[in-house]
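**Student:** Attaching a predicted model along with its sequence, questions to come.
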Amino acid sequence: MSQTVEDIKPSYPLFRTDDYQEDLAKKRARVEECYDPERMEEVFQWTTTEEYQALNFQRQALTINPAKACQPLGAVLCALGFEKTLPYVHGSQGCVAYFRTYFNRHFKEPVACVSDSMTEDAAVFGGQKNMFEGLKNAKALYKPEMMAVSTTCMAEVIGDDLNAFINNAKQEGHIEPEFPIPFAHTPSFVGSHTTGWDNMFEGFQRYFTLNAMDDKAVGSNGKLNLVPGFETYLGNYRVIHRMLREMGVDYSLLCDPSEVLDTPADGKYRMYDGGTSQDEMKDAPNAIDTLFLQPWQSVKSRKFVKGTWRQPATDLKIPMGLAWTDAFLMQVSALTGKPIPASLTKERGRLVDMMTDSHAWLHGKKFALYGDADFVLGMTKFLLELGAEPTHVLVQHANKRYKKALEQLCAESPYGWNTQTHIGKDLWHFRSLMFTDKPDFMIGNSYGKFIQRDTLHKGKAHEVPLIRIGFPIFDRHHLHRMTTLGYEGAMYLLTTLVNAVLDRLDEETREMGVTDYNYDLIR
């Protein structure tokens, strides 16, 4: 089974060669102790039935393949969006390895993040000693201008107090008293990655503004604040910058990791690059208003803006698709007095033209989708605008108010009258739905590829192709650089959707002399 220099094979097709197949067969027979293939196929087929779906949806004490990640992951992304800031996780080394590899696989970039390596003794005696050493060493080694501290399960279960630990570290000289260390408690066993982002952003708000509001006045700096939320499409940060610059708006994008997560290969390593400055954060309460681009996922930080900054935090929907991008730009115009420029009007017209061109192919197509709350809401809205029909919409980390809002959105369009919404459900629930109520396509992150494989195993007619939009995207390259917000983002989404439909049509009609009556050159 050795390879030669002249013929190096990757795992596929290497593992399909005779010697590997023989070795794998021996392994199955000797050590795997699995059921016979007939029994496994019988159970598989049962899991595709409505009988199994009914049992599956009765599950309460078990989550299988959750459509979410944990809080500290979101806190790390939030920290990366601030200038020369090092994310610091108070917890075990293994947790931080998970966060770094998760982002590395999505962004294809090295991600800076440290932990204070809590182990068994810290679980018994508390992790303050770890934090004393960790803060001192991290500052000395990596020379950040700020560290943002979050927690993992271990620290939360034993009740470690970040505020006390950080203050003690400063009082005992392990770190300079003036060195900025915003923090947030981010227990992994509740909430999700979007909750963690929200908690960490509120930590920045509290650190820089809670006790410094005496000289602040709403609107005094003439700027507009924008808060992106847990956003992993780097093009979305850039399109917000572009649209506001074209409008001539003076603004601050509070949290922008687009540079540090997309550094060039020019021979220079950048641990820190770009990001929102401390001065911008300190000045944020003086803005006209703060707009949250993902309001369903920004509950605590939006509440802070209203209660402490005394800004209205004007209600907005995520600016995805046509109508909600219109609403966003009109709100920005109303708040700042800046007109929407001809360049954006022309861009809007191009999107409308694209929607008209592709309408015949998307009209009536059925899509099931899953993901984060605001993304799913925006994606559903855009599908309805295109004349497509959302069948099942799943958000695991959402509440009943969100479900009601999503149902109301679908009820307002004839294309959404048959949409079913699912909150608190996971991807194993979603898998059942793909068998019992088959859509034309599903939209979601890379984990959906296993559902597509399972539907194909039942037979080609049952296959539900996956369109990869969301987070994380591990098994395709460079999609994280794309844009889903604004008119530009809607153009990308539309292009992705309609070409998936056409790819599928080609796949189904390419059999020579049998199905190729519709294998057209021009669509």
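**Tutor:** Arrived safely.

**Student:** Show me the shaky parts of the chain.
**Tutor:** By pLDDT under 70, the low-scoring segments of the chain are 1-2.

**Student:** Centroid-nearest residue for it?
**Tutor:** With distances taken as CA atoms, centre = their mean, residue 471 lies nearest the centre of the chain, 4.0 Å away.

**Student:** quick one: contacts for it?
**Tutor:** 106, 230, 232, 371-372, 445 (CB atoms under 8 Å, 6 or more residues apart in numbering). Every residue, glycine included, has its C-beta placed from N, CA and C.

**Student:** Next: residue 517.
**Tutor:** residue 509.

**Student:** Can you give me the end-to-end span of stretch 467-474?
**Tutor:** Using CA to CA, to the nearest Å, one end of stretch 467-474 lies 13 Å from the other.

**Student:** And for stretch 410-424?
**Tutor:** End-to-end distance for stretch 410-424, by CA to CA: 19 Å.

**Student:** got the contact list for it?
**Tutor:** With CB under 8 Å, 6+ apart, stretch 410-424 has contacts from 380, 383-384, 387-396, 398-400, 402-403, 406-407, 409, 429-430, 433.

**Student:** Keep only those of the residues you listed that are in strands.
**Tutor:** The members of the contacts of stretch 410-424 that map onto strands under DSSP state E are 389-395.

**Student:** which one of the residues you listed is nearest residue 162?
**Tutor:** Residue 162 lies nearest to residue 395 out of the ones in strands among the contacts of stretch 410-424, by CB to CB, at 29.3 Å.

**Student:** Report the buried residues of stretch 392-404.
**Tutor:** For stretch 392-404, a neighbour-count test (16 or more other CB atoms under 10 Å) marks 392-398, 402-403 as buried.

**Student:** who are the neighbours of the longest helix along the chain, in terms of helices and strands?
**Tutor:** For the chain, the helix with the greatest residue count under DSSP state H is helix 486-508. Identification of packing neighbours for helix 486-508 by 3 or more CB pairs under 8 Å, 6 or more residues apart in numbering; DSSP states H and E yields helix 234-247, helix 323-336, helix 342-362, helix 373-385, strand 441-444, strand 466-468.

**Student:** I'd like the ones you listed written out as a markdown table, with mean neighbour count and distance to residue 265 added.
**Tutor:** Below are the helices and strands packed on helix 486-508 laid out as a markdown table (neighbours: other CB atoms under 10 Å; distance: least, CB to CB, whole Å):
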| stretch | mean neighbour count | distance to residue 265 |
| --- | --- | --- |
| helix 234-247 | 20 | 16 |
| helix 323-336 | 18 | 33 |
| helix 342-362 | 14 | 31 |
| helix 373-385 | 25 | 30 |
| strand 441-444 | 25 | 30 |
| strand 466-468 | 20 | 24 |
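
**Student:** Same list, those, but as JSON lines with distance to residue 31 please.
**Tutor:** Formatted as JSON lines, the helices and strands packed on helix 486-508 follow (distance: least, CB to CB, whole Å):
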{"stretch": "helix 234-247", "distance to residue 31": "45"}
{"stretch": "helix 323-336", "distance to residue 31": "55"}
{"stretch": "helix 342-362", "distance to residue 31": "50"}
{"stretch": "helix 373-385", "distance to residue 31": "42"}
{"stretch": "strand 441-444", "distance to residue 31": "35"}
{"stretch": "strand 466-468", "distance to residue 31": "33"}
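
**Student:** Endpoints of stretch 284-301, how far apart?
**Tutor:** End-to-end distance of stretch 284-301 (CA to CA): 13 Å.

**Student:** list the buried ones in it?
**Tutor:** By neighbour count on 16+ other CB under 10 Å, the buried set for stretch 284-301 is 284-301.

**Student:** gap between that stretch and the chain center?
**Tutor:** 18 Å (CA atoms, centre = their mean, to the nearest Å).

**Student:** And for stretch 26-35?
**Tutor:** 39 Å.

**Student:** OK, contacts around the closest residue to residue 495 other than its chain neighbours?
**Tutor:** Closest residue in space to residue 495, ignoring its immediate chain neighbours: residue 354 at 7.7 Å, by CB to CB, 6 or more residues apart in numbering. Residues counted as contacts of residue 354 (CB under 8 Å, 6+ apart) are 491, 494-495.

**Student:** Out of those residues, grab the one that's most surrounded.
**Tutor:** When neighbours are counted by other CB atoms under 10 Å, residue 494 leads the contacts of residue 354 with 21 neighbours.

**Student:** Could you find the closest non-adjacent residue to that residue?
**Tutor:** Nearest in space to residue 494, with sequence neighbours left out and distances taken as CB to CB, 6+ apart, is residue 354 at 5.5 Å.

**Student:** which of the buried residues of stretch 392-404 are the two that sit furthest away from each other?
**Tutor:** Taking CB to CB, the two most distant members of those are 392 and 397; they sit 16.8 Å apart.

**Student:** Does residue 181 belong to a helix, a strand or coil?
**Tutor:** Of the three states, residue 181 takes coil according to DSSP: H, G, I helix; E, B strand; the rest coil.

**Student:** I misspoke; the intended subject was residue 290.
**Tutor:** Residue 290 - assigned by three-state DSSP - is strand.

**Student:** I figured it hits residue 315, correct?
**Tutor:** No: using CB atoms under 8 Å, residue 290 is not in contact with residue 315; the gap is 12.0 Å.

**Student:** how about TSV for the contacts of residue 471, with neighbour count added?
**Tutor:** Shown next, in TSV, are the contacts of residue 471 (neighbours: other CB atoms under 10 Å):
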residue	neighbour count
106	19
230	28
232	22
371	22
372	30
445	22
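
**Student:** Which of those sits closest to residue 67?
**Tutor:** residue 371 (6.7 Å).

**Student:** got a list of what that closest one touches?
**Tutor:** By CB under 8 Å, 6+ apart, the contact set of residue 371 is 67, 379, 395, 443-445, 469-471.

**Student:** what two of the residues you listed have the greatest distance between them?
**Tutor:** Taking CB to CB as the measure, these span a maximum distance of 14.4 Å, between 395 and 469.

**Student:** ok so, going back, report the buried residues of the longest helix of the chain.
**Tutor:** With burial defined by 16+ other CB under 10 Å, the residues of helix 486-508 counted as buried are 486-494, 496-498, 500-501, 504.

**Student:** Stretch 430-443 now?
**Tutor:** Neighbour count says stretch 430-443 has 430-435, 438-443 buried, by 16+ other CB under 10 Å.
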